[in-house]
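attaching a predicted model along with its sequence, questions to come.
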Amino acid sequence: MVKRNTIQRQLVIAAVRFLANHPTAEEVYDRITMEYPDISKGTVYRNLSLLAELGEIQKISTGAGPDRFDGNVNPHCHFQCKVCYNVLD
């Protein structure tokens, strides 16, 4: 089934790519609501999951804290700081 490219999906992928620090879903939501305050948190979370399934973004499950997302889909490694839990390429 082909998924159409909605405005909300475009906003989510643009936010993930703008926030190049491997943002959490909450950080993506906060970024989008700066310009589009009416978007729902559920819409952002659903689109993050869908974009990860479609291979448009990477979902990084850290095991410690919330999942993070990466707009760079090229193969590369990630490291997580044991102190602050930030994720780095």
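Ah, there it is.

okay, CA-based contacts and neighbour counts for the rest of this
Noted.

shouldn't Glu56 be in contact with Asp70?
No. Glu56 is not in contact with Asp70 according to CA atoms under 8 Å; the separation is 9.3 Å.

between these two, point out the one with more neighbours.
Between Glu56 and Asp70, Asp70 has the larger neighbour count (other CA atoms under 10 Å), namely 25 against 15.

just the helices in this structure please.
Taking DSSP state H as the test, the helices found in the chain are 7-18, 25-33, 41-54.

closest to Ala64 out of those helices?
Closest to Ala64 of the helices of the chain, according to CA to CA: helix 25-33, at 14.6 Å.

which strands and helices lie in contact with the closest one?
Helices and strands touching helix 25-33, by 3 or more CA pairs under 8 Å, 6 or more residues apart in numbering; DSSP states H and E, are helix 7-18, helix 41-54.

report the backbone C-alpha coordinates of that helix in PDB.
Once non-C-alpha atoms are left out, helix 25-33 reads as follows in PDB (Å, rounded to 0.1, in the frame of the first residue of the first chain):
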ATOM      1  CA  ALA A  25      10.000  12.200  19.700                       C
ATOM      2  CA  GLU A  26       9.300  14.900  22.300                       C
ATOM      3  CA  GLU A  27      12.100  17.100  20.900                       C
ATOM      4  CA  VAL A  28      10.700  16.600  17.400                       C
ATOM      5  CA  TYR A  29       7.200  17.600  18.700                       C
ATOM      6  CA  ASP A  30       8.600  20.600  20.500                       C
ATOM      7  CA  ARG A  31      10.400  21.800  17.300                       C
ATOM      8  CA  ILE A  32       7.300  21.400  15.100                       C
ATOM      9  CA  THR A  33       5.000  23.200  17.600                       C
END
